[in-house]
Structures are given as C-alpha cells and as structure tokens.
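Asker: Provided below for reference: sequence and predicted model.
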Amino acid sequence: MITTRPEETAKIGETLARDLKGQETGDRRQARTICLYGELGSGKTTFAQGFAKGLGIASRLLSPTFIIVRRYQIPRTSHLLYHLDLYRIGGEKDLQGLGIAEILADGDSYVLIEWAEKLEGQLPRRRIEVWFKTLEDGRHTWALFKKP
C-alpha cells in the first residue's frame, strides 16, 4: 500500500487499533505486540499516533526516543498502551532494567515497538509487523504481516 500524506498513514494505524480492540477476548495471556520497521522518517511514529487514537487515547502520542518507553491508559478500560522507541538502543545491555519482558507479557496491554529489530531475540512469536519505506518521490509504502 502507498500513502501520500501523514494523515493517511495515521488512519491506517487508527483502523488497525479499532480492529484489534474489536477482537478482544477475555483470555489473551500476552500483550498484543505491533512491531514497526523502517528507516527514519518513514511513518512509524505517525502510524503510532493513529493507533493510539484508534484505542481512544485523546492525548497526542509523543515519541519516546529519549526515555525509551511511554505508557498510556486506554480510556474506559484497564488496558494500557506501551509505546517503545528503540532508536537509541545500542544493544541488549541498554534494555536492562526497562521491564521489557513484563511489558510483553502483560495481557491487558498493547505494545507498539518502533525499531523492533533491536529487540528481535525477545519479541513474542505472535505479533503484527508493519514495514515502512519512503519512496524517492516522498510517498510512503507500508506492508502489514501477522505472525501466528
């Protein structure tokens, strides 16, 4: 798929969140993990902002580039949205003390991970992957894959 404006990319994130929220069951056992891949400026944060909106989060989602993890309460639920930005992570050592395993195991949460390739060894088998790329003309492409 190709998007030409940030609003279109955000809308894709919003739609995915609404679809996932509509599929909720009582026994999830693990967080819903959405891994975002792509170069700098390819649309990952814009997608994440739309995703948060789709979950009903009214505040603007800020990229957690410098603090690594931000947590948002999803309105009218006990669910949380964790937004991880691993751009500044150099390796496994930088992840110690962040509680990543606990976040990924939280069955009442959604987890969006920008630069998910830096967490490859710890990602759950069941996840959604969204791949972003910027074309030479400035348009963005994206592809979504579900890992069963």
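Answerer: In hand now; what should we look at?

Asker: Give me the residues contacting stretch 41-50.
Answerer: Defining contact as CB atoms under 8 Å, 6 or more residues apart in numbering, one finds that stretch 41-50 is touched by 3, 6, 9-15, 17, 36-38, 60-61, 63, 83, 85, 112, 114-115, 130, 132-134, 140, 142. For glycine as for every other residue, the C-beta is placed from the backbone atoms N, C-alpha and C.

Asker: Can you name the element that comes right after the helix or strand of the chain with the lowest mean pLDDT?
Answerer: Of all the helices and strands that make up the chain, the one with the lowest confidence by mean pLDDT, DSSP states H and E is helix 92-95; it has a mean of 70. Tracing the chain past helix 92-95, the next element assigned as helix or strand by DSSP states H and E is helix 100-105.

Asker: what's the following helix or strand after that following helix?
Answerer: On the C-terminal side of helix 100-105, the closest following helix or strand by DSSP H and E is strand 109-114.

Asker: What are the buried residues along stretch 84-92?
Answerer: Buried positions in stretch 84-92, judged by neighbour count with 16 or more other CB atoms under 10 Å: 84-86, 89.

Asker: same check, this time on stretch 48-65
Answerer: Neighbour-count burial for stretch 48-65, counted by 16+ other CB under 10 Å, picks out 48-57, 61, 63-64.

Asker: Contacts only, for the residue minimising distance to the centre of the chain.
Answerer: Within the chain, the residue whose C-alpha comes closest to the C-alpha centroid is Leu112; the distance, by CA atoms, centre = their mean, is 2.0 Å. Contact partners of Leu112, counting by CB under 8 Å, 6+ apart, are 34, 36, 48, 51, 81-84.

Asker: Need the residues you listed in TSV (columns: pLDDT, distance to Ser42 and secondary structure).
Answerer: As requested, these are exported to TSV (pLDDT from 0 to 100; distance: CB to CB, whole Å; DSSP: H, G, I helix; E, B strand; the rest coil):
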residue	pLDDT	distance to Ser42	secondary structure
Ile34	96	15	strand
Leu36	96	9	strand
Ala48	94	12	helix
Phe51	96	15	helix
Leu81	96	21	strand
Tyr82	95	21	strand
His83	95	17	strand
Leu84	92	17	strand
